[in-house]
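S.K.: Sequence first, then the predicted structure, then my questions.
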Amino acid sequence: MTQKPETMAWEVEVLEDAAGWRDALPGCRDVVRRAAQAALSGEARVPAQAELCVVLTDDGRQRELNRRFRGIDKPTNVLSFPASEPGGSPGGPPDLLGDVVLALETCGREAAEQGKSLSDHVSHLTVHGVLHLLGFDHENDGEAELMERHECRILAGLGIPDPYAAEAGGRGTSP
């Protein structure tokens, strides 16, 4: 049973760890917070009280994190670091869902290559990262299709087109 939105208490902290985000995407904190809140409100898996952090960093820091935690020595667009399994007690402290980290240069390059606005692309990657914190993954085709359907539904609610529609051979779905 899904709880009514007025009983939900979700905190989304947004930290700028790199210069350039505000110039590249004015209102970046609001864009990210709105996308994260949409991802949380669209999922039954979310505890009534939850918090997460989105870190806006650069490719250099993202490369370090990717190398350290995934063994991949290059930057990537988004990384998710789940903190714990959801399931806090009612009336207790909020569940800490974890952190989502976005890399400015990679996000900007991908948005330009894909002909998307940076705002739409960052919103998509934020939703993607939050879904990872909630236990979604894309390790196989079935998981990927499920995750993409959720992403597309959430993004449609934000007025953002299906990010997978333009991919050649992509399995994206229309919301």
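M.R.: Okay, I see it. Being a predicted model, the structure only gives us computed values, none of them experimental.
S.K.: Just the element for residue 10, please.
M.R.: Using DSSP states H and E, the element containing residue 10 is strand 9-16.
S.K.: got the phi/psi numbers for the residue most central in space within the chain?
M.R.: The centroid of the chain falls nearest to residue 126 when counting by CA atoms, centre = their mean (2.3 Å). Torsion angles at residue 126 (phi, psi; degrees, to the nearest 10) stand at phi -70, psi -50.
S.K.: Correct me if wrong: it contacts residue 30.
M.R.: No. The pair residue 126 / residue 30 is not scored as a contact, 11.5 Å apart, by CB atoms under 8 Å. Bear in mind the C-beta positions are built from the backbone N, C-alpha and C, glycine included.
S.K.: tell me the SS of the spatially closest residue to the residue nearest to the centre of the chain that is not a sequence neighbour?
M.R.: If the residues on either side of it in the chain are set aside, residue 126 comes closest to residue 35, at 3.9 Å by CB to CB, 6 or more residues apart in numbering. Assigned with DSSP: H, G, I helix; E, B strand; the rest coil, residue 35 falls in the helix class.
S.K.: ok, which stretches of the protein are strands?
M.R.: Using DSSP state E, the strands of the chain run over 9-16, 49-57, 78-82, 95-103.
S.K.: what's the closest of the ones you listed to residue 148?
M.R.: Of all these, the one in closest proximity to residue 148, counting by CB to CB, is strand 78-82 (14.6 Å).
S.K.: mind checking how far the closest one is from the chain centre?
M.R.: 8 Å (CA atoms, centre = their mean, to the nearest Å).
S.K.: Give me the helices and strands touching it, please.
M.R.: helix 59-70, strand 95-103, helix 118-133 (3 or more CB pairs under 8 Å, 6 or more residues apart in numbering; DSSP states H and E).
S.K.: would you turn these into TSV with distance to residue 142 and mean pLDDT?
M.R.: TSV is the format used below for those (distance: least, CB to CB, whole Å; pLDDT from 0 to 100):
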stretch	distance to residue 142	mean pLDDT
helix 59-70	22	97
strand 95-103	23	94
helix 118-133	15	96
